[in-house]
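Undergrad: coords please:
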Amino acid sequence: MANDALPNAAEAVEEIRRVRQARRYEPEPVPEEVLEQLLDVARWTGSSRNTQPWHFIVVTNKEQLRRISEIRTPINWVADAPLAIAIVLDGANPSSEAYDEGRVTERLLIAARFLGLGGGTAWFGDEAQQAQGKALLGVPEERTARSVVVIGYPTTTVDHRPNPATGGRRSLAEVVSYERLGDGRPDRP
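TA: You can find the predicted model right below:
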């Protein structure tokens, strides 16, 4: 069997493992060439049946970022970010587009990490809050816009909000089964 692994694959995997939600950023803007790299990663992300059901809205205007941050209290940190990228979906196939939205979001967050930045996802909330987000972004009612991916130079990845979630991860034994749910690792010769 041929080994097609990249020479620095272990380092890349370790960097992917270190991707964290960042909510506090330096005020400096993301350089235009870095933004273009991020948008190109988003554009090349795979999608269901290659439908590419997205459009990306780049938001750098501080007043617009402030308005987005006011949609609901848990995303008030967006106001202090230098950049947000809204993911707007066609709205033609909600279930596959939800999957595609997750794929492109994670790719943006990983690419940001590789480029020396940090990122976080800010979810608008329920249908009324999503409608408010769409109105702010000029998105027609029939399209879907639920979140923004925020990018910048993070000052910390520690959740500063009241009642932050507990960090860490469960062990592999707790989250992995083999062949059927609940079956532990089979003995291997």
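Undergrad: Identify the residues contacting the lowest-mean-pLDDT helix or strand in the chain?
TA: Among the helices and strands of the chain, helix 9-17 carries the lowest confidence by mean pLDDT, DSSP states H and E, at a mean of 78. The contact list for helix 9-17 (CB atoms under 8 Å, 6 or more residues apart in numbering) reads Leu6, Ile110, Arg113, Phe114. Placement of C-beta: from N, CA and C, glycine included.
Undergrad: These, buried ones only, as a ChimeraX selection?
TA: Listed next is the ChimeraX selection for buried residues among the contacts of helix 9-17, using 16 or more other CB atoms under 10 Å:
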select :110,113
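Undergrad: can you list the contacts of helix 9-17 in CSV and add secondary structure and pLDDT?
TA: As requested, the contacts of helix 9-17 are exported to CSV (DSSP: H, G, I helix; E, B strand; the rest coil; pLDDT from 0 to 100):
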residue, secondary structure, pLDDT
Leu6, coil, 76
Ile110, helix, 92
Arg113, helix, 89
Phe114, helix, 89
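Undergrad: Now do the next helix or strand after the least confident helix or strand of the chain, average pLDDT.
TA: As assigned by DSSP states H and E, the chain's next helix or strand after helix 9-17 is strand 24-25. Throughout strand 24-25, pLDDT has a mean value of 90.
Undergrad: Pick out the residue nearest the middle of this structure.
TA: Residue closest to the mean C-alpha point of the chain, counted by CA atoms, centre = their mean, is Thr105 at 3.3 Å.
Undergrad: can I assume that residue sits in a helix?
TA: Yes: secondary structure of Thr105 (DSSP: H, G, I helix; E, B strand; the rest coil): part of a helix.
Undergrad: My guess is it contacts Val150. True?
TA: No: using CB atoms under 8 Å, Thr105 makes no contact with Val150, being 10.9 Å away.
Undergrad: Please identify every residue contacting each of the two.
TA: Thr121.
Undergrad: Which parts of the protein are helices?
TA: Along the chain, the stretches classed as helices by DSSP state H are 9-17, 32-43, 62-69, 94-114, 127-137, 172-175.
Undergrad: Could you tell me the least trusted of these?
TA: helix 9-17 (a mean of 78).
Undergrad: What is the nearest of the contacts of helix 9-17 to Gly133?
TA: Minimum distance to Gly133 across these is 24.0 Å, recorded for Ile110 (CB to CB).
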